[in-house]
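Chemist: Any chance you could fold what I've pasted below:
(chains A and B, ligands or ions: 3)
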Amino acid sequence: MVVDLVLGMAGSGGDGVVSAGESLLAAVSSHGYHAMMTKSFGPQIRGGESSCRVRVGTVPVHNPGGALDAAVALNWEDFLKFGAELELAPTTVLIHEAKAGPPPEALVRRGAMPTEVVAVPITELTNQSAGTEKAKTSVVLGLLCGWFGVPEDGVRRGLEKKFAKKGEGLLETNERALKAGIEHALANPLRSTKRLAPPPTHSPKLLCDGNDLCATAALFAGCKFFGGYPITPSTEVMQTLAKEIWKYGGTVLQAEDEIAGIGAALGASFAGLKSMTATSGPGMALKTEIMGLASIAELPLVILDVQRGGPATGLPTKSEQADLFQAAFSAHGDVLRPVLAPISVGDTFRVTVEAFNLAEHYQTPVIILSDQEVAQRKETVEPIDTSRFTIEERLAPSASDLVDYRRFRHTESGVSPISHPGLAGGSYLGAGIEHNEKGDPTASGAEHARMNEKRFKKLEPLQHRRDLFDVLGPSDAPFALISWGSSAGVAREAFELARAKGLAVKLLIPRLLYPIAVPVYREFLASVEAGLVVELSHQGQLHKILRMQLDLPAGLRSFCHSGATPFRPDQVLAELEALAAVGVK
Amino acid sequence: MDTATTTCGATATPKDYSSALKPIWCPGCGDYGVLQALYRALAAIGRPPHEIAFISGIGCSSRIPGYTTAYGFNSVHGRALPIAQGVKLANPDLQVIVAGGDGDGFSIGGGHVAHAVRRNLDLTYLVMDNQVYGLTKGQLSPTSPKGLATVTSPLGSLEEPINPLLYTLAYGAGFVAQGTPAEMPGLTALIEQAIRYPGFAFVNIQSPCVTFGQEEQQMRAHKAHLRPLASLGHDPSDQLRALDLARSYGKELHTGVLYRNPNPPPTYDALVRERQRALAPEAKDRSRLLDVFLQK
Ligand SMILES: Cc1ncc(C[n+]2csc(CCOP(=O)(O)OP(=O)(O)O)c2C)c(N)n1
Ligand code: SF4
Ligand SMILES: [Mg+2]
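Modeler: Ligands and ions are numbered 1, 2, ... in the order given. Model prediction:
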């Protein structure tokens, strides 16, 4: 029995490999397993090769995992295209279509060949049982049930759901194919025994991706306006809101470009609504000027950047964490704006609500720095108790505030009551130009300095938001891991593995990336002599920012590589162990 | 309009719309006249100032919201139209006016005009067209005549100007007019009609830049060459004729309404409201939003 199983498969576009992965995911999640699925496609818009990997566990899974426990190749040509996504190890059970022949030389040359390679006449089994080749992936699902203990009734229910509307015939065909797969597996037992242990509890779970949860959290937080322009991998947020937001009295505007998208969103915020825009790196670049306007006009606004490989078009469908500099620093003038990053699908809900709360509370643009993996991988999420959340609203002017109203009044906190068009007595000039307390334009250096101070002062409390950080491990540990975004889940597992091996290591996962919460880092780093900042970018951007703003322990270094392929927990563990082996001086 | 909106009605005076801020325009700048005409038009309509959102970009002309008692937003160069659309969609009860210069609207912001027109929100767009960049001190503008020598085209410009009238008409705007502060009653009436038009309304205002403008773009020349469309017997519902007349932008100073759609279609903001009303019954309780993802 195993508590953790990583399955991967590849085929041509028509094989329905991804759809099979989804059925698998639905089956295990309905049984109370924790699971996640990532998918990868060739460059073609439709058709072409596709692959998916599903990781199932009896305990929470934090990342897509390392080498596969089981791999399914429907043909070698397509399988070979996913070397990085479908990594093999000697322990992998490699299942392939019999008629494709034995593993080709190209695969063998890569090394780490599985010792157990199983040929299955998948097409033949499908034709015999279903009378059509179309149900191939149902045979595959059957094999996975028979060999690895994937819950059969879950898969069956999944098939029912999927084919219910497509007519009786299709459902029956696929059920027969499923049965044929199961029977084949039972009749031909594997050498290795990797059967999934039963789930700990049978608690229902949510199954969704990060973009789903971002859009839903926006509705939950009371977002009433979305302005944006389609761009991978953020578009699903706009697509979901375009279906739903009207029900809640809101609007989605598909703008002519990213500038107009954020412009309209800012206009809606000026008019008093909670508002957001979403994009990826190239769109962020276009939005930069208006983000500056939001900062000086002190208007709440949530900006989602789902990072992909860059610069320019870069790797539009792959993950990277290389927009941190852009999020934190791309501004003209002295600007401080909060940047938050979700670390998992489930976390996206909380982080999005937090972004709206910060935006409204501090009257500032807030960036959610998600990444392709968190945004688009499908994952089981424990049901979220939404009654725990508080929803913040912007500070409205009182009756006395409206007597000789000063929109940008200097206050203790730096936050001033904000009016909106339609409110009698609250008229003011919102402006990109520097202004006095009333909002009237000024060119005074002294006034400018005071306003800059106000705009920075109001964000000072963020320094102490410990709740926006996960800190794990013994407080006196000399070794440390720091990681953010989708890499944080990998670091988390590496941390657990290292702890299990007795290493004195601790882990810091910031959700608040910027401004740097200096006291939180200082406290965490006090005991640290060596460690790794793990992030998916060529430069290691968080590490560089930390170096800029803190005195880091000499042994705390960057562990980073360019995007597209996520870190594997064993890589991070090995690096950490190497660091520890050098020893603490 | 279906929701209660108050009006100052007969009691409103131009003064009610004039703020304490003193304009910093050059003495004699055409924008002063535009501001006066706007005060009068607003008074004639009578919406209380706090129900007006007045959005502009950057330029001398874009300073104008600050001189009114409306909620103003003097935003960034070229982006007034998108911002204004967000304001209007957020609160369709507001009277939303957008203003800026020829550079702001037809150069840096030029890409937004087509989309503002095709969406047809109930907005009024006033462009103070002085055929030059005033604020940045006299550079070539997209409406500068071909051959014009400026600080950035010292040897004379090589490109043709944009034609704002033809441009907006061809995009399908339901209301297109041109005026000049050299003829105040006419300009006031045009602004008023534009605001009252239920849809996207564009007024190109020939507003002289006394500091960097050409002789033939000044008030005196305007007065001498004024060709009111009414005097030509133009019927503003005649879209083809309007297109024909618009072709003489830059050669003739036509003033008045070039085109007014006699059957204005429903505006985008009205359609949005309709959709929100229709779908409101499907709203789920906030605590149930995540249920769609629950696996049973
Ligand atoms: C992004 C950006 N680019 C350039 C400028 C500089 N700029 C400010 S106003 C302006 C042109 C103004 O001309 P116009 O829009 O015709 O207005 P006018 O001053 O003539 O009324 C320019 C180039 C700016 N403020 N922002
Ligand atoms: S520079 Fe020209 S447009 Fe600007 S205020 Fe002076 S006269 Fe008016
Ligand atoms: Mg100009």
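
Chemist: burial measure for residue A:581, as a count.
Modeler: 7 (other Cβ atoms under 10 Å in any protein chain shown). Placement of C-beta: from N, CA and C, glycine included.

Chemist: For the residue in the stretch 1-150 of chain B positioned nearest to chain A, which non-adjacent residue is closest in space?
Modeler: As assessed by Cβ to the nearest Cβ, chain A sits closest to residue B:86 within the stretch 1-150 of chain B, at 2.6 Å. For residue B:86, ignoring the flanking residues on the chain, the nearest one in space by Cβ to Cβ, 6 or more residues apart in numbering or on different chains is residue A:267 at 2.6 Å.

Chemist: Could I get the contacting residues of the one you found?
Modeler: B:55, B:73, B:82-90 (Cβ atoms under 8 Å, 6 or more residues apart in numbering or on different chains).

Chemist: What of residue A:266?
Modeler: A:275, A:290, A:293-294, A:297, A:299, A:301, B:75, B:83, B:86.

Chemist: Need those residues in a markdown table (columns: neighbour count).
Modeler: A markdown table is the format used below for the contacts of residue A:266 (neighbours: other Cβ atoms under 10 Å in any protein chain shown):
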| residue | neighbour count |
| --- | --- |
| A:275 | 30 |
| A:290 | 29 |
| A:293 | 23 |
| A:294 | 26 |
| A:297 | 27 |
| A:299 | 24 |
| A:301 | 33 |
| B:75 | 31 |
| B:83 | 34 |
| B:86 | 30 |
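
Chemist: Widest-spaced pair of the residues you listed?
Modeler: The span of these, defined through Cβ to Cβ, is set by A:275 and B:75 at 15.0 Å.

Chemist: low-scoring stretches of chain A, by residue?
Modeler: A:583-585 (pLDDT under 70).

Chemist: from it, which residue is nearest to chain B?
Modeler: For chain A, Cβ to the nearest Cβ, closest residue to chain B: residue A:267, 2.6 Å.

Chemist: ranges for the strands of the stretch 101-250 of chain B?
Modeler: B:123-129, B:175-179, B:201-206, B:226-228 (DSSP state E, counting those that start in this stretch).

Chemist: ok, now the stretch 401-550 of chain A?
Modeler: A:429-431, A:469-472, A:479-483, A:505-510, A:512-514, A:530-535.

Chemist: Among those strands, which comes closest to residue B:99?
Modeler: Of the strands of the stretch 401-550 of chain A, nearest to residue B:99 by Cβ to Cβ is strand A:429-431, at 13.1 Å.

Chemist: so who does the residue nearest to the spatial centre of chain A touch?
Modeler: Nearest to the geometric centre of chain A sits residue A:374, at 1.5 Å (Cα atoms, centre = their mean). Residue A:374 is in contact with A:210, A:319, A:342-345, A:347-348, A:485-486, counting by Cβ under 8 Å, 6+ apart.

Chemist: which SSE is it in?
Modeler: helix A:372-376 (DSSP states H and E).

Chemist: Heading C-terminal from that helix, find the next helix or strand.
Modeler: strand A:378-381.

Chemist: what does that following strand contact?
Modeler: With Cβ under 8 Å, 6+ apart, strand A:378-381 has contacts from A:22, A:25, A:29, A:33-37, A:61, A:205-209, A:213, A:344-346, A:349, B:293, B:295.

Chemist: Let me know the pLDDT of the closest residue to residue A:424 other than its chain neighbours.
Modeler: Spatial nearest neighbour of residue A:424, excluding adjacent residues (Cβ to Cβ, 6+ apart): residue B:50 at 4.8 Å. Here, the pLDDT recorded for residue B:50 equals 98.

Chemist: Would you quantify the distance from residue B:261 to chain A?
Modeler: Distance, residue B:261 to chain A, using Cβ to the nearest Cβ, to the nearest Å: 22 Å.

Chemist: number of nearby residues for residue B:249?
Modeler: Using other Cβ under 10 Å: residue B:249 sits among 22 other residues.

Chemist: send the alpha carbons of stretch A:415-425 over as PDB?
Modeler: C-alpha atoms of stretch A:415-425 as PDB (Å, rounded to 0.1, in the frame of the first residue of the first chain):
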ATOM      1  CA  VAL A 415      -6.100  56.700   5.300                       C
ATOM      2  CA  SER A 416      -8.600  59.400   4.500                       C
ATOM      3  CA  PRO A 417     -12.400  59.000   4.100                       C
ATOM      4  CA  ILE A 418     -13.200  58.600   0.500                       C
ATOM      5  CA  SER A 419     -16.300  59.800  -1.300                       C
ATOM      6  CA  HIS A 420     -17.600  58.900  -4.700                       C
ATOM      7  CA  PRO A 421     -19.600  60.600  -7.500                       C
ATOM      8  CA  GLY A 422     -23.200  60.800  -6.500                       C
ATOM      9  CA  LEU A 423     -22.500  61.600  -2.900                       C
ATOM     10  CA  ALA A 424     -23.600  65.100  -2.100                       C
ATOM     11  CA  GLY A 425     -20.900  67.200  -0.500                       C
END
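
Chemist: can you pull the buried residues of it?
Modeler: By neighbour count with 16 or more other Cβ atoms under 10 Å in any protein chain shown, stretch A:415-425 contains the buried residues A:415-423.
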